[in-house]
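Chemist: A predicted structure for the sequence below; I have some questions about it.
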Amino acid sequence: MKKPFTTIDQQINILKKRNLLFVDEETAKRYLTQYNYYEIVNGYKECFLKQKDPDIFKDNITFDHLFSLYDLDKKIQRAVRDSTLEFEMNLKAATSYVIAEKFGVDEKVYLKRTNYKNGNFINTDNTTKNKVYEIDQVLNKFNKITKENTQPFKHYRDKHGHIPPWILVKGATLGNMKSFFKLQKSEVKNEIISIMTGIPLSIIQSPIGEEIKNLFSDTLNLCYKFRNRASHSGRIFNYKADGAKIRYNKLFHPMKGISQKDYKQGYGQN
């Protein structure tokens, strides 16, 4: 059944019939016009309903309650985008520094497949004739970046004859960087984590370092999930990232006052 078009006035009448109150209808009309019914009402009504199908709002709930939660969530989305962008910039800086230190600044050298782990096998055509692994996808993306005719890639290619890692990563997404980090060999991973966390490399390489490395990898996965959610304007104030969580960590969780029992009940996971 097709969803019929409704005017702003009709939308307000529908909401009134569902027991929603309006303090200032003109302001409500402006918000519904600017941000649309689906975003404000369908996105945030769950917290205020006493009945579903048909929807009936709890007594004394106003449109202002709905819009306030919508507005709060947009502020949280912006905060998540800003903080994960900062995380991405730090990850790119740390990764490109270590890659340049280990393999040099010429993409023909530092993008050699043998420098990295294969990752999982990706069976793209249901055959094993041409095996494609995760590393092949990542390197294919990076090699495309080196050939782009936009700046600063063209400038470095034309003037210097190569594109150093710290320039190449400007064309990479957080998803690219997450995959690239995963496919680094242990020595490189340890140095990246040391730079990102400020923890000495000697500690990262010690037995307790396993807890730090696990926490970093889990945090990277969560950042990626939350970044995608916020970037696509998905509701985030009560978001739980499917398929990504922080494993119980002997360093992190006790510091946050979360016991193993608390963790099993869902605290400190995602």
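Modeler: Looks like it came in fine. Numbers count the residues shown, from 1 in each chain.
Chemist: hang on, residue 268 packs against residue 245?
Modeler: No: with contact defined as CB atoms under 8 Å, residue 268 does not count as touching residue 245 (9.1 Å). In this view, the C-beta of every residue, glycine as well, is placed from N, C-alpha and C.
Chemist: and the helices in the stretch 151-270 of the chain?
Modeler: Per DSSP state H, counting those that start in this stretch, the stretch 151-270 of the chain carries helices over the ranges 153-159, 165-168, 174-182, 186-197, 201-204, 209-231, 252-255, 260-264.
Chemist: looking at this structure, which helix is longest?
Modeler: Across the chain, the longest stretch assigned as helix under DSSP state H is helix 63-103.
Chemist: mean confidence (pLDDT) on that helix, please.
Modeler: Helix 63-103 carries an average pLDDT of 97.
Chemist: now do that helix against helix 186-197, angle only.
Modeler: Interaxial angle of helix 63-103 relative to helix 186-197 (axes from the mean of the first three to the mean of the last three CA atoms, to 10 degrees): 130 degrees.
Chemist: so which elements touch whichever helix or strand comes after helix 63-103?
Modeler: Next in sequence after helix 63-103, counting helices and strands by DSSP states H and E, comes helix 107-110. With contacts taken as 3 or more CB pairs under 8 Å, 6 or more residues apart in numbering; DSSP states H and E, helix 107-110 sits against helix 63-103, helix 134-146, helix 165-168.
Chemist: which strands border the helix or strand bottoming out on mean pLDDT in the chain, and is each parallel or antiparallel?
Modeler: Using mean pLDDT, DSSP states H and E, the weakest-scoring helix or strand in the chain turns out to be strand 121-122, at a mean of 88. Note on strand 121-122: by DSSP bridges, its sheet partners are strand 132-133 (antiparallel).
Chemist: where does this protein have low pLDDT?
Modeler: Within the chain, the segments meeting pLDDT under 70 span 123-129.
Chemist: can we see that at 90?
Modeler: Applying pLDDT under 90 to the chain flags residues 1-4, 122-132, 233, 242-243, 270.
Chemist: tell me if I'm right that residue 15 and residue 42 touch.
Modeler: No: under the criterion of CB under 8 Å, residue 15 is not in contact with residue 42, lying 11.3 Å apart.
Chemist: of those two, which one has the most company?
Modeler: Under the neighbour definition other CB atoms under 10 Å, residue 15 and residue 42 were set side by side, and residue 15 has more, 21 against 11.
Chemist: quick one, phi psi at that one?
Modeler: phi -70, psi -40 (degrees, to the nearest 10).
Chemist: any idea how far residue 52 is from it?
Modeler: Noted for residue 15: a distance of 15 Å to residue 52, by CB to CB, to the nearest Å.
Chemist: if I look at the most far-flung residue of the chain relative to its centre, how far off is residue 216?
Modeler: Using CA atoms, centre = their mean, the residue of the chain lying farthest from its centre is residue 17. It sits 38.8 Å away. To residue 216, residue 17 is 52 Å away according to CB to CB.
Chemist: what about stretch 99-119, distance to the chain center?
Modeler: Distance of stretch 99-119 from the chain centroid (CA atoms, centre = their mean, to the nearest Å) equals 26 Å.
Chemist: contacts for that stretch next, please.
Modeler: With contacts defined as CB atoms under 8 Å, 6 or more residues apart in numbering, stretch 99-119 is touched by 133-136, 138-139, 142-143, 146, 162-166, 168, 179, 182-185, 187-188, 191.
Chemist: mind listing what's buried along it?
Modeler: Using 16 or more other CB atoms under 10 Å as the test for burial, stretch 99-119 gives 99, 103, 105, 107, 110-111, 115-116.
Chemist: name the nearest residue to residue 132, ignoring sequence neighbours.
Modeler: residue 122 (4.8 Å; CB to CB, 6 or more residues apart in numbering).
Chemist: was I right about that neighbour contacting residue 130?
Modeler: No: counting by CB under 8 Å, residue 122 stays clear of residue 130, with 10.7 Å between them.
Chemist: of these two, which one has the most company?
Modeler: Neighbour comparison, residue 122 and residue 130: the larger count goes to residue 122, with 13 against 9 (by other CB under 10 Å).
Chemist: how close does that one sit to residue 212?
Modeler: According to CB to CB, residue 122 stands 30 Å off from residue 212.
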